[in-house]
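Undergrad: fold the following.
(one chain, ligands or ions: 1)
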Amino acid sequence: MSSSSQGVLQVRELGFAYSSRGSTVLSGVSIDFEAGAITALTGPSGCGKSTLLYIAGLMLRPTEGAVLFQGTDVSALRDSDRSQIRRNNMGFVFQDALLDPSRTVLDNVLEPAVFAGVPRRHLSGRAHDLLEAFGVSHRASHRPGQISGGQAQRVALCRALLLEPTVILGDEPTGNLDADSTEVVWETLDSAANQGATVIIATHNARLATRAHAHIALS
Ligand SMILES: Nc1ncnc2c1ncn2[C@@H]1O[C@H](COP(=O)(O)OP(=O)(O)OP(=O)(O)O)[C@@H](O)[C@H]1O
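TA: Okay, here's the model as predicted:
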């Protein structure tokens with residue numbers, strides 16, 4: 001992970017609308033997401049937290065402005081180059097987990113290894129350790145349809161953390177969790193940040209937002 005203190009991921013004067021005739025979701029948003037820190041994005045439902053995460057995670061292109069990754073504007077790169085940057089550096093936890101229903105929990109966690117071309121056997125130990133740490137190792141051979149929403153969210157987090165990404169993006173990563181699991185997730189994200197990761201979460205949990213190193217309130 002990067003040891004730089006800041007500037008791994010920056011957005012500059014971002015503007016975004018989902019369609020040319022649609023309303024503007026983001027306008028003039030500039031943020032430095034610091035390495036070694038958790039940044040919490042808060043704001044009312046529909047204000048654009050998920051949209052901003054998708055843009056920062058290179059899944060959406062901004063309509064205006066730039067996304068800088070390690071100092072380079074990556075907003076206009078080809079899709080394949082953006083995907084490669086994302087796969088090699090970023091882990092994403094989606095709001096509704098988005099696990100592959102046809103594959104086991106363990107295979108879902110190992111999915112980034114497949115895309116990165118790393119043999120599964122090299123990472124199956126880490127995958128098991130993550131599932132253990134999040135209290136879902138007993139579900140390793142189950143399918144996503146056989147586990148609870150909170151368990152699915154923790155499995156999605158294991159998947160996001162598998163390759164020790166430099167950037168971790170979480171869309172309500174504790175949204176379905178009880179207090180104890182929320183704490184485990186928080187400690188894990190905090191530990192990743194302490195090791196240098198840039199962690200960005202969208203959350204409606206005001207208590208978590210106050211614990212983050214930086215707190216950006218969108219409106
Ligand atoms: N695929 C889409 N196409 C068109 N509009 C969309 C799309 N996704 C989101 N929107 C709209 O963009 C705006 C911002 O949505 P977004 O999901 O980013 O908000 P949010 O702050 O994350 O909300 P929440 O807290 O409810 O998750 C909303 O008005 C939403 O209806």
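
Undergrad: next one: phi and psi at the residue nearest the centre of the chain?
TA: With distances taken as C-alpha atoms, centre = their mean, residue 169 lies nearest the centre of the chain, 2.0 Å away. The phi/psi pair for residue 169 (degrees, to the nearest 10) reads phi -120, psi 130.

Undergrad: what's the burial count for residue 129?
TA: 12 (other C-beta atoms under 10 Å). C-betas here are computed from N, CA, C, even on glycine.

Undergrad: same deal with residue 22?
TA: By other C-beta under 10 Å, the residues close to residue 22 number 10.

Undergrad: do the one 10 residues further on as well
TA: A count of neighbours around residue 32, defined by other C-beta under 10 Å, yields 16.

Undergrad: would you confirm that it contacts residue 10?
TA: Yes: contact criterion C-beta atoms under 8 Å: residue 32 and residue 10 qualify, at 5.0 Å.

Undergrad: which residues of the protein lie near the ligand?
TA: Residues of the chain found near the ligand (C-beta under 6 Å from any ligand atom) are 18, 25, 43, 45, 46, 47, 48, 49, 50, 51, 202.

Undergrad: now the residue nearest to the third one when sequence neighbours are not counted. Its backbone dihedrals?
TA: Excluding the flanking residues, the one nearest residue 43 by C-beta to C-beta, 6 or more residues apart in numbering is residue 218, at 3.6 Å. Recorded main-chain torsions at residue 218 are phi -90, psi 160, according to degrees, to the nearest 10.

Undergrad: and residue 218, how far is that from residue 15?
TA: Distance from residue 218 to residue 15, counting by C-beta to C-beta, to the nearest Å: 13 Å.

Undergrad: same check, this time on residue 32
TA: The gap separating residue 32 from residue 15 is 18 Å, by C-beta to C-beta.

Undergrad: all strands of this protein, in order?
TA: Along the chain, counting by DSSP state E, strands occupy 9-17, 24-33, 37-42, 64-69, 72-73, 90-93, 167-171, 198-202, 214-217.

Undergrad: distance to residue 191 and mean pLDDT added to those, as JSON lines?
TA: Below are these laid out as JSON lines (distance: least, C-beta to C-beta, whole Å; pLDDT from 0 to 100):
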{"stretch": "strand 9-17", "distance to residue 191": "19", "mean pLDDT": "97"}
{"stretch": "strand 24-33", "distance to residue 191": "18", "mean pLDDT": "97"}
{"stretch": "strand 37-42", "distance to residue 191": "11", "mean pLDDT": "98"}
{"stretch": "strand 64-69", "distance to residue 191": "23", "mean pLDDT": "97"}
{"stretch": "strand 72-73", "distance to residue 191": "28", "mean pLDDT": "94"}
{"stretch": "strand 90-93", "distance to residue 191": "14", "mean pLDDT": "95"}
{"stretch": "strand 167-171", "distance to residue 191": "11", "mean pLDDT": "97"}
{"stretch": "strand 198-202", "distance to residue 191": "10", "mean pLDDT": "98"}
{"stretch": "strand 214-217", "distance to residue 191": "17", "mean pLDDT": "96"}
